[in-house]
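Q: my questions are about this predicted structure, shown below with the sequence.
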Protein chains: 2
Amino acid sequence: MDHGKFFESVDKLQARFIDRLRDAIKIPSVSSEAGRRADTIKMAHWVMAQMKELGVEVRLKSLGKEPGTDLDLPPLILGRYGNDLDKPTIMVYSHYDVQPASLQDGWDHDPWSLTEGNGLLHGRGTSDDKGPLVNWLNMLEAFQDADQEVPVNLAFFLEGMEENGSVGFRAALEDEASHFLSDVDAVCLTDVAWASNTQPTIPRGLRGVLFYRITIRGALEDAHSGLFGGAFSEPMTDMVNVMSSLVDSQGKLLIPGVYDDVLEVSDEEREAYEKLPLTPEALDGGIGGRLIHATKAETIISKWRQPSLSLHRIENLKPGPGATTSIPAALVGKFSIRTVPNMGASEVDALVRQHIESRFKQLQSKNDLDIDCVHQSDWFYEDVDHWNYQAGIKAIERTWGVTPQVTCEGGSIPIALDLKKVLKKNVLLLPVGRPTDGIHSVNEKLDKVNYFNAIKVYGSYLGEIAARWQGK
Amino acid sequence: MDHGKFFESVDKLQARFIDRLRDAIKIPSVSSEAGRRADTIKMAHWVMAQMKELGVEVRLKSLGKEPGTDLDLPPLILGRYGNDLDKPTIMVYSHYDVQPASLQDGWDHDPWSLTEGNGLLHGRGTSDDKGPLVNWLNMLEAFQDADQEVPVNLAFFLEGMEENGSVGFRAALEDEASHFLSDVDAVCLTDVAWASNTQPTIPRGLRGVLFYRITIRGALEDAHSGLFGGAFSEPMTDMVNVMSSLVDSQGKLLIPGVYDDVLEVSDEEREAYEKLPLTPEALDGGIGGRLIHATKAETIISKWRQPSLSLHRIENLKPGPGATTSIPAALVGKFSIRTVPNMGASEVDALVRQHIESRFKQLQSKNDLDIDCVHQSDWFYEDVDHWNYQAGIKAIERTWGVTPQVTCEGGSIPIALDLKKVLKKNVLLLPVGRPTDGIHSVNEKLDKVNYFNAIKVYGSYLGEIAARWQGK
C-alpha cells in the first residue's frame, strides 16, 4: 500500500469523519438502561447502514432476550470486507454501546451532542468506544478515496452490550468461531487507551483475578461481648488472623510458593518503565494513593508484572445491623488475588487453600471455616514478536513518529481473554485514546489528533500486516 | 426483729401482694416510647400513692425535659421511711419503667396483664423491675401486719428511665448525695438476677469496658484493586494485622502487661464455680456458642474474672456500598476490652495505645493511624465481708435454706458503678429473679416463689443489718 496517499486522504476527509462521529454520538445507546435499549438497537442499525454504504457485507446476529427481562439484547454486527484467499483475515472487535450520561451528572455540555474545542472532541462514546469503532469506517472511506486496495480481509465482530456485562457475547463467539470467524488469522481490539497521557503505548498484558470469600462461623447468633467475651471462640479473631497471614503492609503476598511461577522482569523492561512519561495521576490514581514503592519502575512493576492481594472487606453474615459491642456469630471475609504470567490459576488456588487451612488449623479454633473461590479469570499476556503486534507497533511509529512503549495493565479485559481463548489467535490491543479521556465519567473526550491519527494507524497496521504476511 | 412473725405475715398477705403487682403491670410504663411517656409518669404517681398509703414520706423529683425533645423525663421518686438516728439508713434503688412489649412480638398473653400459671407470674416488668420494686412496699405492709418495727431507715431512690439510658440519673444522684442521700450507710440494688437457674446466687463483681475505634486512612477514595493493587499501601492490610495482634483464638489478650494487675482466682473460688449448677444456656448463651475452655470453672472464670477482648467489626469509612473488589480508602476497626479487678483503666488504655502504635510502626505503612477510646466504664467489685453483703447473704440463707453462691457477671451495670462512685458506700446487688425470666424479651415471668421469698429476703436483710449495726 501507498501510506502517503492513504494518509493524504485521511487528512482530506477530516470534516466527513467528524460528521460521522457526530451522527454516532447523537444516538444514546446506553445498554444498561432499559429505557434506552431501543436506542442501542437503533445504533446497531446505524452502524450497519454505514458499513453497507462502504461496501461491507453486513448482517445483524440476534442474541435473543436479556435473561430475566423482556428486553431484546443488542445484536452483534457481523461484517465482511474483502474475500481474497491470498490475504490474511483480521477480526476487528469494538462495541457500539456506551456508558450512561446526563447533564445532571455534571457534564459541561450535552453528552449526546459532539462538542469541539481546544483540540478535543467531547461527548459520550468519543473515546469509549464509538470513536475507535467509526474509525474503521473512516479508514475504509480513506482507502477508497485514495483508490487503494484494503491490504487484508476484515471480519467485523461488533457488540452492543459491552458496558452491561457482554451478555450473550461469549456464547455467540464460540458459536461463530467455526463459522463466520473460521478463517480469522489475528484479532485487533481497540477498546483500550494509552498507559501514558503523553506517549503512545501498546499493552501486551493484563492481570488475572481470583476472588475469594472466606466464611467463619461460630455461635448461631451474635452474642453480648460482656456476657460471653472470653468464653466463646470468636470468628472475628480467627478472621483477622487468617487475613493478616495473606499479605503484608509492603504488598508482599505471604502464601508460600505463590511467586514461584511469576515471570521475571528484565533489566531492559525495568529501565523502560522508569523512563515512561506518566502523570502523577497514573501512579496515585488522582486520589492520593499512598505508594509503597519508591521508584516509578517499581510502582509500575507492582501493578503490571507482579501479583497483588487486596483484602476488600469483612462482613457480618447475620442480617441486621447488630449491636456494635456484639460478638459476630458468622463473618465473610473477601479478598482477591491479581495474577500475572506464568502463574497457574489452579496452582494458585491450591496454594491459597493449603495456606489458609493450615493457618486456621494452627489457631485451634472451635469455629468452622469455608473457602470459596467465587470468580476467576486468567491473565492475558500476548506474544509481541508476532506479526500482528509488530504491525501495530510499526503503524504507530509511522503515524506518531514515536516507538510505542509496550506496557501492561493491572486490571482485566474479559473480552480480550475470551477472544484469545476461543479463537486461539494473536490478539492485538490497539489503543486510540488517552488515560485522561474520562471514559465512564463526565465530560468524556477524545483528542482530535488521536481520532485522526488512529485512522492512519489502522490503515498502516493493515498495510504492515500485508507486508509481513507469508500466507497460511 | 422476729423473723418468724414477719414471714407469717408475708405468707398471709400473698393475695394482696399479687394484686399490687397486677396493678403495677397494668400501666405500660415504657420509657423508650414517646407515646408511653405519659404512662411512665403515671406509673411514678401510682408508686408514690402506694408508698404514701404505707406511711412513706415521698416526693417526685423532676428531671426536666428529655434533651432534644419536648418530653418530660420520668421523675425520680424520693421516699423516706423511718428517721431513727440510732438506726442505719439503707438506700433502695429500683426502677419503675419497663422494656417495650406487645402481643405482636410473640407474647402468649397480654404483656400488660398479670397472668398466673404453673407457679409463674407472667407480664412485662414482673422480673425487671416492677416485681422487685413493689416487693419493698409488700415488705413494709408485712412489717406493719406483723406489728414489727422496720429495723432500719429506708431512703427510696427510684428512677423511671433505666431502660432508656438513665437520662438525668447520674446528675440527680450527685445532686442529692449531700442532701437527700447524705446519711445513707449502704445501698441495696435489686435490678439483678441469679446467675444459676436453680440456686440462689449473689453477685459481687461486674466487668468494666473500654471501647475503641481504630481508624486507618490511605487514599482519598476507594481504588480499583486491579489497577492499583500492589502499588498502594492498603489500610485493610494494616487493619487486620493490628487487630490480629490484640487477641488470639484462645481468647488470650496479646497486649504486653495487660494481665499484670488481674486479681488471681483462688482455688476455693475455682472449686465453687465448678460446682455451681448452671444450665447449658448459661454457658453457651442458648445460641450454640463454641466454648474455648474445657471445664465449667474455666468458662466461668473467663467471663467473670478475666479480661476479654472482642473484635466487633471493620467498617468502610467512606459512604456508599463500594465495589466489592475495591481497595477501601479508610476504615474503622472497633473492639472492646472487658476489664476486671484490679486493672486500672488508664493503665490499660496506655498499654493498648503503646502496643497498637508500636505494632503499626513495625508495619512501615504509608497510611495514617488514629486510636480513640470512645467509651469507658470501670469494673465493679464489692467487699463481701462488709455487713451490708453479709446481711444479704444471711437473709437469703434464712429464706431459701441455701447459702447463696457469690458470683460475678461478665457485663456491666452502669447504675451500680454510679452508686458506688458517688455515694462511696457498700452497694449490695440483691437478686430477685432468675436468668431465664426473659427480661427484655417475650413472655417475661417471675417465679411466684421468687416473688414471695424476695419479700422475706428484703425484711430479713434489714433485720440482719440491724443485728450487725454498730452505730456511726
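A: Arrived safely. Owing to the predicted nature of the structure, the values given are computational and were not obtained by experimental measurement. Residues are numbered from 1 along each chain as shown, chains lettered A, B, ... in the order given.

Q: count the neighbours of A:Ala395 for me.
A: Residues contacting A:Ala395 under the criterion other Cβ atoms under 10 Å in any protein chain shown number 26. The C-beta positions use only the backbone N, C-alpha and C, and glycine is treated the same way.

Q: quick one: mean pLDDT over the host helix or strand of it.
A: Applying DSSP states H and E as the criterion places A:Ala395 in helix A:387-400. Averaged over helix A:387-400, pLDDT sits at 98.

Q: hey, what's the closest residue to A:Pro75 other than its chain neighbours bridged with?
A: Distances taken as Cβ to Cβ, 6 or more residues apart in numbering or on different chains place A:Leu60 nearest to A:Pro75, at 4.0 Å, with adjacent residues excluded. Here A:Leu60 sits in beta bridges with A:Ile77, as judged by DSSP bridges.

Q: A:Leu60 touches A:Pro74, doesn't it?
A: No: counting by Cβ atoms under 8 Å, A:Leu60 stays clear of A:Pro74, with 9.3 Å between them.

Q: who's more crowded, those two?
A: The residue with more neighbours, out of A:Leu60 and A:Pro74, is A:Pro74; 30 against 18, by other Cβ under 10 Å.

Q: which helices and strands does the helix or strand hosting A:Leu154 pack with?
A: Assigned by DSSP H and E, A:Leu154 falls within strand A:153-159. Helices and strands touching strand A:153-159, as assessed by 3 or more Cβ pairs under 8 Å, 6 or more residues apart in numbering or on different chains; DSSP states H and E, comprise strand A:76-81, strand A:89-95, helix A:130-145, helix A:169-177.

Q: list of residues touching the helix holding A:Ala395?
A: Under the contact criterion Cβ atoms under 8 Å, 6 or more residues apart in numbering or on different chains, helix A:387-400 has outside partners A:3, A:90, A:186-188, A:200, A:202, A:204, A:382-384, A:402-404, A:406, A:425-428, A:430, A:453, A:456-465, A:467-469.

Q: filter these down to the buried ones.
A: Buried subset of those (neighbour count, 16 or more other Cβ atoms under 10 Å in any protein chain shown): A:3, A:90, A:186-188, A:200, A:202, A:204, A:382, A:384, A:404, A:406, A:425-428, A:430, A:453, A:456-465, A:469.

Q: follow-up on the earlier one: each with direction, which strands does the strand holding A:Leu154 pair with?
A: With DSSP bridges as the test, strand A:153-159 is paired with strand A:76-81 (antiparallel), strand A:89-95 (parallel).

Q: output the below-cut-off pLDDT ranges for chain A.
A: For chain A, the stretches flagged by pLDDT under 70 are A:319-323, A:472.

Q: run the last query once more with 90
A: Low-confidence segments of chain A (pLDDT under 90): A:105, A:221-224, A:278-283, A:285-287, A:316-326, A:411-414, A:435-436, A:440-442, A:470-472.

Q: center of it - which residue?
A: Closest residue to the average C-alpha location of chain A: A:Ile413 at 3.0 Å, with Cα atoms, centre = their mean.

Q: now the closest residue in space to it that isn't next to it in sequence. Its backbone dihedrals?
A: Leaving out its chain neighbours, the residue that sits closest to A:Ile413 by Cβ to Cβ, 6+ apart is A:Leu206, at 5.5 Å. With angles defined as degrees, to the nearest 10, A:Leu206 sits at phi -140, psi 150.

Q: A:Asp11: how many residues sit nearby?
A: With other Cβ under 10 Å as criterion, A:Asp11 counts 12.

Q: got a list of what it touches?
A: A:Phe452.

Q: that one sits in which helix or strand?
A: helix A:3-12.

Q: next secondary structure after that helix?
A: helix A:14-26.

Q: which strands or helices does that next one pack on?
A: Using 3+ Cβ pairs under 8 Å, 6+ apart as the contact test, the elements touching helix A:14-26 are helix A:37-53, helix A:130-145, helix A:448-468.

Q: can you tell which of those is closest to B:Gly160?
A: Between B:Gly160 and the helices and strands packed on helix A:14-26, the tightest spacing by Cβ to Cβ is seen for helix A:37-53, at 61.1 Å.

Q: what comes into contact with that closest one?
A: The contact list for helix A:37-53 (Cβ under 8 Å, 6+ apart) reads A:20, A:23-24, A:27-31, A:58-60, A:71-72, A:74-75, A:77, A:79, A:96-97, A:133-134, A:137, A:156, A:158, A:160.

Q: ends of stretch A:77-96, how far apart?
A: Counting by Cα to Cα, to the nearest Å, you get 9 Å between the two ends of stretch A:77-96.

Q: let me redo that: stretch A:115-129
A: First residue to last in stretch A:115-129 (Cα to Cα) measures 17 Å.

Q: same deal with stretch A:438-454?
A: End-to-end distance of stretch A:438-454 (Cα to Cα): 18 Å.

Q: give the contact list for A:Gly79.
A: A:48, A:51, A:56-59, A:154-156, A:158.

Q: if we use 10 Å, what do you get?
A: Applying Cβ atoms under 10 Å, 6 or more residues apart in numbering or on different chains to A:Gly79 gives the contacts A:47-48, A:51-52, A:54, A:56-60, A:92, A:136-137, A:154-158, A:180.
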